[in-house]
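> Sequence first, predicted coordinates after that:
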Amino acid sequence: MRQSRIFAVLVLGLALVFSAAALYAAAAPEVIKMQAPYPHKKPIVMFSHKKHSTQYGAKCGDCHHDKDHKPLTTLKDGDPVQKCIVCHKLPGEAPPAALKGLTGAARTKKEVTYHATAMHDNCRECHKAWNKKNNKKPNEGAPIACNKCHAGK
Ligand code: HEC
Ligand code: HEC
Ligand code: HEC
Ligand code: HEC
């Protein structure tokens, strides 16, 4: 009697562990609605997550990294992934006042504590580099203009 009760508790515990794991091991969706939990002034960005890694040659580690900013190069579909805002915590873009007097690496470090500035840094720096390498004018290739990404839904 006592043993079977212990067994039941164990089974329940295991079931909880597995269901929790299932919640976090989300497969990456094809398109991600970029709407971090703060008020938005611009139309919402619909980010073609799947196309970026299947057609545009972007690697998981180009965008996903750990708490020490080490690229997550071995990430694969189904692995748990933290939202960018977990670490890039401050809402919106960095206000000029917060960056006053800062240059170089110190400036970047401060800038990317703001969620939207970190996103712009990640998205647009790659787009710029890609356009340059492929001899594309700014709005022929990967988008740089605001309304090409903030196309809205
Ligand atoms: C390459 C795509 C891209 C381009 C180009 C871009 N953005 Fe964004 N922007 C984003 C993403 C992604 C976010 C993060 C949205 C989120 O996850 O909530 C964002 C967030 C923002 C935010 C904070 C959220 C809000 O709506 O208030 C502002 C403000 C913003 N962008 C302004 C601009 C402006 C102004 C331009 C042009 C100078 C621009 N963006 C160009 C992708 C882009
Ligand atoms: C071009 C940049 C980029 C690339 C490449 C990329 N991701 Fe992402 N991924 C993102 C962004 C941005 C998000 C949204 C995070 C957020 O909402 O804060 C995301 C979200 C996710 C999520 C969570 C989805 C959700 O709904 O919460 C998973 C899982 C994921 N990515 C896995 C991968 C894997 C695996 C690869 C490589 C095959 C990959 N990503 C490649 C930028 C990228
Ligand atoms: C677990 C924490 C964590 C998560 C989650 C995270 N980052 Fe970061 N990120 C960092 C750290 C730490 C740095 C380095 C900042 C510094 O230099 O102080 C960084 C730096 C950056 C930079 C600046 C790179 C440069 O130019 O120096 C960008 C852009 C960036 N992250 C984008 C993203 C995006 C996009 C996501 C979501 C797909 C994301 N981060 C998720 C911790 C994180
Ligand atoms: C590692 C490089 C890289 C990063 C990082 C990246 N992109 Fe791109 N993106 C590309 C390339 C390459 C293209 C395709 C250019 C072409 O073929 O014309 C593209 C195309 C796009 C397009 C237009 C086509 C489409 O699929 O909608 C949008 C919008 C876009 N990216 C948004 C984003 C956003 C938002 C982010 C950041 C969350 C981001 N990108 C991060 C490389 C990147």
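Nice, thanks for sending it over. Numbers count the residues shown, from 1 in each chain. Ligands and ions are numbered 1, 2, ... in the order given.
> Next SSE downstream of the lowest-mean-pLDDT helix or strand in the chain?
One helix or strand of the chain scores below all others by mean pLDDT, DSSP states H and E: helix 2-24, with a mean of 47. Of the helices and strands lying after helix 2-24 in sequence (DSSP states H and E), the nearest is strand 32-34.
> mind listing what that following strand pairs with, with the direction of each?
When sheet partners are counted by DSSP bridges, strand 32-34 sits next to strand 45-47 (antiparallel).
> So is the partner strand next to ligand 3?
No - remark: strand 45-47 sits outside contact range of ligand 3, by C-beta under 6 Å from any ligand atom, the gap being at least 9.9 Å. From N, CA and C alone the C-beta is placed, and that goes for glycine too.
> and that strand, is it in reach of ligand 4?
Yes - interface with ligand 4: strand 45-47 contributes Val45, Phe47 (C-beta under 6 Å from any ligand atom).
> Name the residues that touch that strand?
Residues outside strand 45-47 that contact it (C-beta atoms under 8 Å, 6 or more residues apart in numbering): Val31, Ile32, Lys33, Met34, Cys149, His150, Ala151, Lys153.
> The second one: neighbour count?
Looking back up the chat, that one is Ile32. Ile32: 13 surrounding residues under other C-beta atoms under 10 Å.
> shouldn't it be in contact with Lys51?
No - at 11.3 Å, Ile32 and Lys51 do not qualify as touching, with contact defined as C-beta atoms under 8 Å.
> re earlier: can I get the contacts of strand 45-47 in JSON lines including distance to ligand 1 and pLDDT?
As requested, the contacts of strand 45-47 are exported to JSON lines (distance: C-beta to the nearest ligand atom, whole Å; pLDDT from 0 to 100):
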{"residue": "Val31", "distance to ligand 1": "12", "pLDDT": "96"}
{"residue": "Ile32", "distance to ligand 1": "8", "pLDDT": "96"}
{"residue": "Lys33", "distance to ligand 1": "8", "pLDDT": "96"}
{"residue": "Met34", "distance to ligand 1": "3", "pLDDT": "97"}
{"residue": "Cys149", "distance to ligand 1": "3", "pLDDT": "96"}
{"residue": "His150", "distance to ligand 1": "6", "pLDDT": "97"}
{"residue": "Ala151", "distance to ligand 1": "10", "pLDDT": "93"}
{"residue": "Lys153", "distance to ligand 1": "12", "pLDDT": "56"}
